[in-house]
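Give the three-dimensional model of this entry:
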Amino acid sequence: MGTEILDEIFRVIEDRRDRPRGGSYVSALLAKGGACDKVDEEARELVEAARDGERKDIIHEAADLIFHTMVLLADKKVKLDEVMEELRRRRR
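Predicted coordinates for the structure are as follows:
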């Protein structure tokens with residue numbers, strides 16, 4: 001499995017940022033400026049799951065952290081491709 005799902009989700013997040021919709025979780029989170037706090041919360045939950053949780057809990061919390069990190073990136077207008085390129089650069 002590649003990064004296609006991340007790209008797809010990121011496009012939706014950017015769309016919700018650029019064209020806010022009523023009832024959209026992402027639009028509401030961005031409108032209240034809560035992306036940083038949400039990433040902090042999800043990172044703590046992932047660490048807690050890694051220490052005390054089951055495998056399924058770790059997977060769930062990791063997905064939450066990745067998703068909310070993408071919301072934060074979109075909020076700051078950082079493209080997912082820029083982060084991927086930085087990871088590629090570090091691999092060399």
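
contacts for the stretch of helix or strand Leu72 belongs to?
Using DSSP states H and E, Leu72 maps to helix 55-75. Contacting residues not belonging to helix 55-75 are listed as 6, 9-10, 13-14, 17, 26, 29-30, 35-36, 38-39, 42-43, 45-46, 48-50, 53, 79-80, 83 [C-beta atoms under 8 Å, 6 or more residues apart in numbering]. From N, CA and C alone the C-beta is placed, and that goes for glycine too.

which residues in the protein form helices?
4-18, 25-31, 35-52, 55-75, 80-91 (DSSP state H).

For those, give me TSV that also has mean neighbour count and mean pLDDT.
Formatted as TSV, these follow (neighbours: other C-beta atoms under 10 Å; pLDDT from 0 to 100):
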stretch	mean neighbour count	mean pLDDT
helix 4-18	15	97
helix 25-31	17	98
helix 35-52	15	98
helix 55-75	17	98
helix 80-91	11	95
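
List the contacts of Ala28.
Ala28 neighbours (C-beta under 8 Å, 6+ apart): none.

From Thr69, how far out is it?
Separation of Ala28 from Thr69 (C-beta to C-beta, to the nearest Å) stands at 18 Å.

Gly53 too?
Where Thr69 is concerned, Gly53 sits at a distance of 19 Å (C-beta to C-beta).

next one: Arg92
Arg92 is 23 Å from Thr69, where distance means C-beta to C-beta.

same question, Pro20
Using C-beta to C-beta, Pro20 is found at 20 Å from Thr69.

And Glu54, by the same measure?
Distance from Glu54 to Thr69, by C-beta to C-beta: 23 Å.

about what we covered before: report the angle between the helix holding Leu72 and helix 35-52.
Taking axes from the mean of the first three to the mean of the last three C-alpha atoms, to 10 degrees, helix 55-75 and helix 35-52 form an angle of 160 degrees between their directions.
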